[in-house]
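Novice: What follows is a protein structure lacking sequence information:
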């Protein structure tokens, strides 16, 4: 089985639980392939339609391992077509109710099993995180949350 890790929006401006950053930084060394998605609000539909200025500081809150595939995104989803070469993609990062949720849905719709690493995910507050987890359980299945 071919699997990868996808780290979503673990940026200095997104961190509401700094202790998760250390977990994510350690976690990446358990995978051969690591994707690191960074939200960049430039030309984002979120700015246009929600008047949301996004992350004031797009800088990552951790140091990606050598060889990590780092890329910017301007939408909620961190899915890339090249990810179709994997059977499973393990997901961690911020926000459970937005980027993590949308990416998991895009992966499953593209025939890739999303595995949510719940102890390495969070949102700006507990309510949003819990809502995201509830919807993920419903839409990708509880067995895909670890």
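Specialist: All right, it came through fine. As the structure is a prediction and not an experimental result, all values here were calculated from the model. Numbering: from 1, shown residues only.
Novice: Let me see the contact set for residue 9.
Specialist: For residue 9, the contact set (C-beta atoms under 8 Å, 6 or more residues apart in numbering) comprises 37, 38, 39, 55, 78, 93, 94, 95, 99. Using the backbone N, CA and C atoms, a C-beta is placed for each residue, glycine as well.
Novice: let's see 7 Å
Specialist: Contact analysis of residue 9 by C-beta atoms under 7 Å, 6 or more residues apart in numbering lists 37, 38, 39, 93, 94, 95, 99.
Novice: Could you do residue 96 as well?
Specialist: By C-beta under 7 Å, 6+ apart, the contact set of residue 96 is 121, 122, 123, 128, 129, 132, 133.
Novice: List the backbone torsions phi and psi for it.
Specialist: Main-chain dihedrals, residue 96, degrees, to the nearest 10: phi -60, psi -40.
Novice: Give me the spatial nearest neighbour of it, chain neighbours excluded.
Specialist: residue 132 (3.4 Å; C-beta to C-beta, 6 or more residues apart in numbering).
Novice: What are the phi and psi values at the one you found?
Specialist: phi -60, psi -40.
Novice: Now do it against residue 22, distance only.
Specialist: 21 Å (C-beta to C-beta, to the nearest Å).
Novice: The two: who's more crowded?
Specialist: Set residue 132 next to residue 22 and count neighbours by other C-beta atoms under 10 Å: residue 132 wins out with 24 against 11.
Novice: doesn't residue 122 make contact with that one?
Specialist: No - assessed by C-beta atoms under 7 Å, residue 132 is found out of contact with residue 122, at 9.2 Å.
Novice: Mind jotting down where the helices sit in this structure?
Specialist: 18-27, 45-50, 101-109, 126-140 (DSSP state H).
Novice: coming back round to it: for the contacts of residue 9, work out which two are farthest apart.
Specialist: 38 and 95 (13.8 Å; C-beta to C-beta).
Novice: Looking at residue 21 now. What's its pLDDT?
Specialist: With respect to pLDDT, residue 21 scores 92.
Novice: Quick check, it in contact with residue 7.
Specialist: No - contact criterion C-beta under 7 Å: residue 21 and residue 7 do not qualify, at 10.2 Å.
Novice: more crowded one of those two?
Specialist: The residue with more neighbours, out of residue 21 and residue 7, is residue 7; 28 against 19, by other C-beta under 10 Å.
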